[in-house]
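**Q** Whatever this is, show me its structure:
(one chain, ligands or ions: 1)
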Amino acid sequence: MSAPGQAPSAGYAAVFVHEDVPTAEVDRLEALHRPLADSVRDLVDATIRTTVEDEEVRAVRAEVDALVARLRARQLDGPAGVRYNAEGRTWSWGNAVVGERNAVAPPLEVVRDPDGLVHADTVLGAAYEGPPGMVHGGVGALLLDHVMGVAASAHQRVTLTGTLTMRYVRSTPLGPVRVEARIEREEGRKVFVVATLGDPDGVTVEADGVFIVPRWAV
Ligand SMILES: CCCCCCCCCCCCCCCC(=O)SCCNC(=O)CCNC(=O)[C@H](O)C(C)(C)COP(=O)(O)OP(=O)(O)OC[C@H]1O[C@@H](n2cnc3c(N)ncnc32)[C@H](O)[C@@H]1OP(=O)(O)O
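**A** Got it, this is the predicted structure:
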């Protein structure tokens, strides 16, 4: 989450957990667990779509329950949180949008261009449906909020969403989507961000938001 080599600020450290794990080990764990999250995403999609016989559904459920028990044999208590090491590497296994181990999160790679535009592409499937064949409005807001937050933070400060306004211009079909966000202006601790969500035919949702550098992070 922070720029490589950049240590989080004191305010950040108060709520985010320092862990003495070398970057190479974090990278190894990420490479190990990402494919598991991908497989679980597949499982979610298959669970929605399957038309197999009742007995097969029951049998699969028993196997899935057994797999869950194996993973729970050793686990962390509470939320995964955001952790960072002395080298400034941060990781957030559970984040709802970009958690590397979170199968609920669409696999979103957020890219920051040198000119300040932040963008992300992903493909939203059956698990993100709202109106038939369309992306759930809350899912669109989720993606926008995250990418706008990344833009507001500029990879150098903590910002929290204060106010988010969305205009749903037309429905977003399930499939490939793109989110784009940039800082419009700043006033003191308030960062005003504008953004869009779109499909290959253009913009489907326009958003603007006020992100606040919290008092405690100054
Ligand atoms: C080294 C580190 C690298 C880090 C690199 C990280 C990169 C990683 C990116 C991750 C991206 C995640 C993106 C998801 C982001 C969430 O999902 S955040 C979760 C959702 N948001 C929240 O939970 C926020 C809850 N609210 C709060 O915590 C507090 O109300 C706030 C928003 C921090 C404000 O509290 P405060 O700091 O005490 O603010 P306060 O002094 O009252 O007001 C300051 C100014 O802001 C205005 N304001 C206050 N609240 C609001 C509001 N809600 N709306 C509009 N304006 C407001 C005030 O009017 C005031 O304006 P001025 O008088 O200065 O003109």
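**Q** all contacts plus neighbour counts: C-alpha atoms, from now on.
**A** Noted.
**Q** can you list the weak-confidence ranges in the chain?
**A** For the chain, applying pLDDT under 70 flags the ranges 1-15.
**Q** List the buried residues in the top helix by length along it.
**A** The longest helix of the chain (DSSP state H) is helix 23-49. Buried residues in helix 23-49, defined by neighbour count with 16 or more other Cα atoms under 10 Å: 23, 26, 34, 37, 38, 40, 41.
**Q** how much space between residue 213 and residue 186?
**A** Distance, residue 213 to residue 186, by Cα to Cα, to the nearest Å: 11 Å.
**Q** Counting neighbours, go ahead and name the busier of those two.
**A** residue 213 (20 against 14; other Cα atoms under 10 Å).
**Q** quick one: contacts for that one?
**A** Contacts for residue 213 (Cα atoms under 8 Å, 6 or more residues apart in numbering) come out as 157, 158, 159, 160, 189, 190, 191.
**Q** what's the distance between the closest residue to it other than its chain neighbours and residue 190?
**A** Nearest in space to residue 213, with sequence neighbours left out and distances taken as Cα to Cα, 6 or more residues apart in numbering, is residue 159 at 4.4 Å. Residue 159 sits 9 Å away from residue 190, going by Cα to Cα.
**Q** got it, and residue 84?
**A** Taken as Cα to Cα, the span from residue 84 to residue 190 is 26 Å.
**Q** now do residue 161
**A** 10 Å.
**Q** burial count for residue 166?
**A** Residues within reach of residue 166, counting by other Cα under 10 Å, total 16.
**Q** Confirm that it sits in a strand.
**A** Yes - using DSSP: H, G, I helix; E, B strand; the rest coil, the assignment for residue 166 is a strand.
**Q** need the contact list for it.
**A** 141, 205, 206, 207, 208.
**Q** circling back to that earlier point, which residues are in contact with each of residue 159 and residue 190?
**A** 211, 212, 213.
**Q** Look up how far residue 61 lies from the last one.
**A** Going back to what we said before, that points to residue 213. Relative to residue 61, residue 213 is positioned 45 Å away (criterion: Cα to Cα).
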